[in-house]
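1. next input, structure requested:
(chains A, B, C and D)
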Protein chains: 2
Amino acid sequence: MTQKPASSDQPVEILRLDNQLCFALYGAANRMTRLYRPMLDALGLTYPQYLAMLVLWEASPRTVGALGEALDLDSSTLTPLLKRLEAGGLVTRDRDPEDERRVIVSLTDQGRALRDQAVSIPEKLFCALDMPLDAVGALRDRLKVLAK
Amino acid sequence: MTQKPASSDQPVEILRLDNQLCFALYGAANRMTRLYRPMLDALGLTYPQYLAMLVLWEASPRTVGALGEALDLDSSTLTPLLKRLEAGGLVTRDRDPEDERRVIVSLTDQGRALRDQAVSIPEKLFCALDMPLDAVGALRDRLKVLAK
DNA sequence: TGAAATCATATCGCGCACGATTAAATCGTT
DNA sequence: AACGATTTAATCGTGCGCGATATGATTTCA
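-> Next comes the predicted model:
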């Protein structure tokens, strides 16, 4: 009754174990965007748009390629996202006169101004996490190693 | 020259710090699905479909709601996904005669058989990660806590 | 110089995620 | 039995992610 078929017992355990890391990552990422959503709604941003703005707030005129490298995203993902930011008046997109293959993305005044409303988000999120600061840092570093 | 405006210095640091955990999570999750993709292509599964199959391989007849709880996903995500698995001949979807609101998802023989091809994936991925087993476990546990 | 290779971005199609809404079945209370 | 509340799944619209492909600009080098 408590016997299990010998051939399928081991595989099931492996699959179950595997479930853990990749699924934990998947679930945590989903949860994180859900946690951000209400705060970002107030700014009119989605989570990936917020990440793009973070990068631009650090250094404003950037090519699509540079943004893609910073975010680890393809142009097929970024181009429509940037067009939406442009439609929202947060950025401009212009061909680089030096090299017409490139498109330069720049913050508008409105885009720069949005940063002042964004600064409250990190602390709100940190409180919501309810996790010691160094634990957050350690987790972050491990994830960075993972994404090598 | 090296002076920065006092009003914007602190916010920038906070935004940069914040970038780290949430973005590390976001990036690691994207990387993970990219890592799985070639292996899953061989099985004809996407990454979320693979997760759904993992759950079903653990216990086969499950309602849509039970799957959603296990995966932390909504019916609006699961229903189309399950229809694709059904179209692929891996599962069946039938109304529960006991309670017609529920839909029961069951593995087909083909769906059960696919598990044999899936068992090789976890070890391949573990090798690709190049991370000690206990570190993987620790990271997984931290992520689970995060997704509380 | 001019054809070919390379590079930067855009386009298209598919499959998630999820909020909002809808529809149908069941339950609870009277 | 009746009817409002709850439960369960499906539907719809928007916005990612990304593989495959296309387009146009630049560089290479024969």
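2. is stretch A:103-112 in proximity to DNA strand D?
-> No: counting by CB under 7 Å from any atom of the strand, DNA strand D is not contacted by stretch A:103-112; separation bottoms out at 11.1 Å. In short, each C-beta sits where N, CA and C put it, glycine included.
3. same check on stretch A:50-59?
-> No: Stretch A:50-59 does not reach DNA strand D (CB under 7 Å from any atom of the strand); its nearest approach is 7.6 Å.
4. and the residue of chain A that's closest to DNA strand D?
-> Distances between chain A and DNA strand D by CB to the nearest atom of the strand are smallest at A:S76, namely 2.9 Å.
5. run through chain A and note the low-pLDDT ranges.
-> A:1-11, A:17-19 (pLDDT under 70).
6. what does chain A have sitting close to DNA strand D?
-> Residues of chain A lying near DNA strand D (CB under 7 Å from any atom of the strand): A:33, A:46-49, A:72-74, A:76-77, A:80-81, A:84, A:99-101.
7. correct me if wrong, but the residue of chain A closest to DNA strand D is in a helix.
-> Yes: A:S76 sits within a helix when classified using DSSP: H, G, I helix; E, B strand; the rest coil.
8. what's the spacing between it and A:R84?
-> 14 Å (CB to CB, to the nearest Å).
9. next one: A:A29
-> Taking CB to CB, one finds A:A29 at 21 Å from A:R84.
10. okay, those two: which has more neighbours?
-> A:A29 (24 against 15; other CB atoms under 10 Å in any protein chain shown).
11. tell me the SS of the more buried one?
-> Classified using three-state DSSP, A:A29 is helix.
12. relative to DNA strand C, how far out is the closest residue to it other than its chain neighbours?
-> Of all residues beyond its chain neighbours, the one nearest A:A29 is B:A29 (3.7 Å), with distances taken as CB to CB, 6 or more residues apart in numbering or on different chains. Using CB to the nearest atom of the strand, to the nearest Å, B:A29 is found at 8 Å from DNA strand C.
13. give me every residue that touches B:A29.
-> A:L25, A:Y26, A:A28, A:A29 (CB atoms under 8 Å, 6 or more residues apart in numbering or on different chains).
14. A:A135 contacts B:V145, correct?
-> No: using CB atoms under 8 Å, A:A135 is not in contact with B:V145; the gap is 9.1 Å.
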